[in-house]
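Participant: below are the sequence and a predicted model for it; my questions follow.
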Amino acid sequence: MFSAFFALAALSPGRQRTFRQVVALHLVTLLGCVGWTCYSPTQAAPLVGYVLLSAGMVEGAALVGWRLTQLPKSQSLEFLLVSPMRPFGLFLAEALVGLALLALVTLSGLPVLVLLMDNGILQPLDLVPFLVMPYTWGAVVGLGLTAWAYETLTLRRWAERFFLVAVVLYLIVGVLAGEHLGRWIGWLPGSLGPLVLNSVESFHRYNPFAVIKFWLEEDLPSSVDRMLGVEIVAVICAGLLVIRAGCRLQGHFHDRHYRPAALRGRSLKGCPDDRPLSWWAVRRVTEYSGRVNLWLAGGFGILYALYTIAGQNWPSWLGRRIFMIFDDAGGVPMWATALVVLAAVPAAFQYGLWDSNKQERCRRLELLLLSRLTAYDYWQAAAAAAWQRGRGYFAVALLLWTASALTQPGGVTAAIAAGATGVLLWALYFAVGFRGFARGVRANSMGIWLTIALPAGACLCHRLGWTRLAALLPPGTVYYSAGLFQAYLWLPGALLGAILALIVTRRTLASCEEELRGWYDKNHGRLIAD
């Protein structure tokens, strides 16, 4: 039964293309770690482990989570739901295909790891956690995103409130208390203090990144025990997520396609006014708004800005170690740049107008192209949706630049330059993303290269001392403009980004309608196994 799903995935042009691009990005990332070994050989092994673990989570979200969350959006799924195959079996088959692709991507980096092992950077046994842990935690992330998307609106709202409380507690315990947590816990009544201390200590010891670090630093028996314990928890979590999401597949499909609009409550508030496409695009991207991530970034950004302004006047009973770590890792310029890139993610991926597959896009365009919508209407709708999702992160970046401007000599000029280059980065990513939408280029691959590969390339060039090349890349331009560097470092990159954004925008608006109609005529009615 499952063989048909694997055969279809192997024949799908869309999945083949995505798989090749993810493998290429995985190998480029690993080769970047190899280049890092020339710069800092002693820190190479932990860096490789952290990068592989982070890459595995991103790849799990892309190969497993993205596919499964898009599955119920197609009404063609109804034919399978009424077939002898039950919904849980259908979900399990699709999940196994995604997990198999994730396994192949993880194994594609094995030759590079063997190369590092031959050079003495890694030990032979290091290959076990460096391959197993990225895969298992990538699967947990992908399945977790799927289970979250399949849940009912009421449960997601209550879960968001729970996560808001968790974020506040984390900011209090992990950031404000910090290294003074023991003193703070002494103020708590009864046995509550030891409970909080043990919980925080367990989290810091048994998260996957800490396990990788422990493996590289401690003896083998204790490292194996800790890794096995964490991996068993990951497998159990993945199994529970599969069961929950599989049981919710049919209910989530009915909620999307057959739930009366009158029962959706607050989710459909608002009025289309004279821009119905923009209204619809904004509503579409706010279904899963990602508020938890924004709360975490915003809360920490506010505390970091206060610490930057206070400087040496920061109270001694508040923690400062985590802020010092962030200062050593690049300070305000680095983390504000990261927030700007996060703000540009919706602009690059074009969440507002993009559809999960060509069939759904053909159905959408069949209606839109019959209307009087112009290229500017599509442009405004995509911009409104992208800005709605990304403006919160940009606001936190502005807050950090403002804090730096109040404390650094010449900081006002640097903050203005950073804000301008941040706007240019967002505009360039949006222009390129909208160009891809108009031409029918897949948004996932383009978005990954813009939001992951380019920042990683700029960081690597900066670490290797290639500052001029790093400053030409958009993320490097934003970083150097905020870091009180000389203007000639970041000004050429800013000018190049502005020129590219204008050229791409002009050409896209001129040919948008024609390219959309050409794409529709080329793909309408074709049976494409995406």
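Facilitator: Thanks, I have it.
Participant: which residues in the stretch 101-250 of the chain form helices?
Facilitator: 110-118, 127-150, 153-170, 181-185, 192-206, 208-217, 220-258 (DSSP state H, counting those that start in this stretch).
Participant: and the fourth one, what does it pack against?
Facilitator: Helices and strands in packing contact with helix 181-185 are listed as helix 192-206; criterion 3 or more Cβ pairs under 8 Å, 6 or more residues apart in numbering; DSSP states H and E. (Glycine included, C-beta is placed from N, CA and C.)
Participant: pull out the buried residues from the helix or strand hosting Val478.
Facilitator: Element membership for Val478, per DSSP states H and E: helix 474-482. Within helix 474-482, the residues that count as buried by 16 or more other Cβ atoms under 10 Å are Pro474, Pro475, Gly476, Thr477, Val478, Tyr479, Tyr480, Ser481, Ala482.
Participant: can you check stretch 457-476 too?
Facilitator: 457-462, 469-476.
Participant: ok, back up a step: tell me the one among the buried residues of helix 474-482 nearest to Val242.
Facilitator: Proximity of these to Val242 (Cβ to Cβ) peaks at Pro475, which lies at 36.3 Å.
Participant: identify the residue nearest the geometric centre of this structure.
Facilitator: Centroid check for the chain by Cα atoms, centre = their mean gives Val58 as the closest residue, at 6.7 Å.
Participant: let me know the pLDDT of it.
Facilitator: In this model, Val58 is scored at 89, pLDDT.
Participant: just the one 10 residues further on next, same as before
Facilitator: Leu68 carries a pLDDT score of 90 in this model.
Participant: repeat for Thr29
Facilitator: 84.
Participant: same deal with Thr421?
Facilitator: At Thr421, pLDDT is 93.
Participant: now do the buried residues in the one helix or strand it maps to.
Facilitator: Assigned by DSSP H and E, Thr421 belongs to helix 411-439. Neighbour-count burial for helix 411-439 flags 411, 414-415, 417-419, 421-422, 424-438 (criterion: 16+ other Cβ under 10 Å).
Participant: can you check stretch 376-384 too?
Facilitator: For stretch 376-384, using 16+ other Cβ under 10 Å, the buried residues are Asp377, Tyr378, Trp379, Ala381, Ala382, Ala383, Ala384.
Participant: hmm, who's touching it?
Facilitator: 275, 277-278, 280-282, 350, 352-353, 430, 433-434, 437-438, 508-509, 512, 516 (Cβ atoms under 8 Å, 6 or more residues apart in numbering).
Participant: again, 7 Å this time
Facilitator: With contact meaning Cβ atoms under 7 Å, 6 or more residues apart in numbering, stretch 376-384 is reached by 275, 277-278, 281-282, 350, 352-353, 430, 434, 437, 509, 512.
Participant: enumerate every residue touching Ile391.
Facilitator: Slight slip there: residue 391 is Arg, not Ile. With Cβ under 7 Å, 6+ apart, Arg391 has these contacts: Ala343.
Participant: any idea how far Leu425 is from it?
Facilitator: Separation of Arg391 from Leu425 (Cβ to Cβ, to the nearest Å): 14 Å.
Participant: same question for Ala4.
Facilitator: For Ala4, the distance to Leu425 - Cβ to Cβ - is 44 Å.
Participant: what's the answer for Trp490, then?
Facilitator: 12 Å.
Participant: which one of the buried residues of helix 474-482 sits closest to Gly301?
Facilitator: Nearest to Gly301 among these, with distances taken as Cβ to Cβ, is Ala482, at 14.3 Å.
Participant: if anything else comes up later, I'll come back, but that's it for now.
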